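Engineer: Sequence and predicted structure are below.
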Amino acid sequence: MEKTAKEIIRIAVVGPECTGKSTLSEQLADHYKTNYVPEFAREYLARLQRPYTLDDIVEISKGQIRTEDEISFTTNKLLICDTNLVVTKIWAEFKYKKCPEWIKENSMKRKYALHLLTYPDIPWQKDPLREHPYLREELFELYKKELDQQSVPYLIISGLPEERLQKAIAAIEIIIKN
């Protein structure tokens, strides 16, 4: 029997680029033997044959939600999301100094039991889709401010890879038991 979206505990892994979101998402999914939602933007941008625009960020947001919802119906009780609309909201505001209403509205509608905010204390890895190696701390503060403004539960994840994983598991365990 398929589960409804309400039965799923959703955990969102958010933060600046190159702060270990994808790695942590995959590790958590492996640990909990569950699905994770990959970052839709990577696939979308890799196919794009031109510089991306603000409209593309909206399309990426819609694709992220669509993928998350599709995967939620085939997952067990826990769904790990490698990014969510908080990421596209910050991205739009940082790059274009504005965020489309669609992203703002839908960002507030989506509910997650916990956001894991990854801190930029791991080395930068060059990637053609990454843009801001020297602005990760500034971006981190924007994420933190946004999560505070939305009044959603979050935990800052920092440290060595194994520390990060253990902190995330400990926080998720509390949610699962409640």
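Structural biologist: Yep, it's here.

Engineer: quick one: contacts of the longest helix seen in the chain?
Structural biologist: With secondary structure taken from DSSP state H, the chain has its longest helix at helix 54-72. Identification of contacts with helix 54-72 by Cβ atoms under 8 Å, 6 or more residues apart in numbering yields 3, 5, 8, 10, 35-41, 44-45, 48, 79, 81, 83-85, 88, 91-92, 95-96, 98, 100, 102-103, 106, 110. From N, CA and C alone the C-beta is placed, and that goes for glycine too.

Engineer: Return it as CSV; C-alpha atoms alone will do.
Structural biologist: C-alpha atoms of helix 54-72 as CSV (Å, rounded to 0.1, in the frame of the first residue of the first chain):
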residue,chain,number,x,y,z
LEU,A,54,15.5,33.4,-12.7
ASP,A,55,12.9,31.5,-14.6
ASP,A,56,15.1,28.5,-14.6
ILE,A,57,15.3,28.7,-10.8
VAL,A,58,11.5,28.5,-10.7
GLU,A,59,11.6,25.4,-13.0
ILE,A,60,14.2,23.9,-10.8
SER,A,61,12.0,24.5,-7.7
LYS,A,62,9.1,22.9,-9.4
GLY,A,63,11.2,19.9,-10.5
GLN,A,64,12.6,19.5,-6.9
ILE,A,65,9.0,19.4,-5.5
ARG,A,66,7.8,17.1,-8.2
THR,A,67,10.7,14.7,-7.6
GLU,A,68,10.2,14.8,-3.8
ASP,A,69,6.5,14.1,-4.1
GLU,A,70,7.1,11.2,-6.5
ILE,A,71,9.7,9.6,-4.3
SER,A,72,7.6,10.1,-1.1
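
Engineer: Quickly run through the sheet partners of the helix or strand just after it, with directions.
Structural biologist: The first helix or strand that comes after helix 54-72 along the chain, using DSSP states H and E, is strand 78-82. Sheet pairing of strand 78-82 (DSSP bridges) gives strand 9-14 (parallel), strand 36-37 (parallel).

Engineer: next one: the shortest one to chain centre, how far?
Structural biologist: Shown here is strand 36-37, whose average C-alpha point lies 10 Å from the average C-alpha point of the whole chain (Cα atoms, centre = their mean, to the nearest Å).
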